[in-house]
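Engineer: Give me a model of this one.
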Amino acid sequence: MKLADLRKLAIRRELRIKFALRNGMECVVDQRGVARVPALNAVPDFNLEEELAAASAFTLEPAGGKD
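Structural biologist: Below is the predicted model of the structure:
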């Protein structure tokens, strides 16, 4: 699965999708298809596409209208 596929799923199903990164952070793809790493406070030293490929578990939450 590619990041674009995950974004499409989040938009179509109005979901918030979370997955853990190997460095301990978490990525959240919101219902608009925007991927964010909330704990990130500097230029990342990782490739999100590669982190997604290594992800083994995902959390799906209904968006519920909030961001």
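
Engineer: contacts and neighbour counts: CA atoms only from here.
Structural biologist: Will do.

Engineer: Point out where this structure drops to low pLDDT.
Structural biologist: Low-confidence regions of the chain, defined by pLDDT under 70, span residues 65-67.

Engineer: all strands of this structure, in order?
Structural biologist: Assigned by DSSP state E, the strands in the chain fall at 15-20, 26-29, 35-36, 58-62.

Engineer: from these, which stretch is densest packed?
Structural biologist: Ranked by mean neighbour count, the strands of the chain are led by strand 15-20 with a mean of 21 (mean count of other C-alpha atoms under 10 Å).

Engineer: still on that earlier bit, the strands of the chain into TSV, with extra columns for distance to Asp45?
Structural biologist: Formatted as TSV, these follow (distance: least, C-alpha to C-alpha, whole Å):
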stretch	distance to Asp45
strand 15-20	15
strand 26-29	14
strand 35-36	15
strand 58-62	22
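
Engineer: closest to Arg7 out of those strands?
Structural biologist: Shortest distance between Arg7 and these, using C-alpha to C-alpha, is found for strand 26-29: 6.6 Å.

Engineer: and that closest one, what does it pack onto?
Structural biologist: Secondary-structure packing of strand 26-29 (3 or more C-alpha pairs under 8 Å, 6 or more residues apart in numbering; DSSP states H and E): helix 3-13, strand 15-20, strand 35-36.
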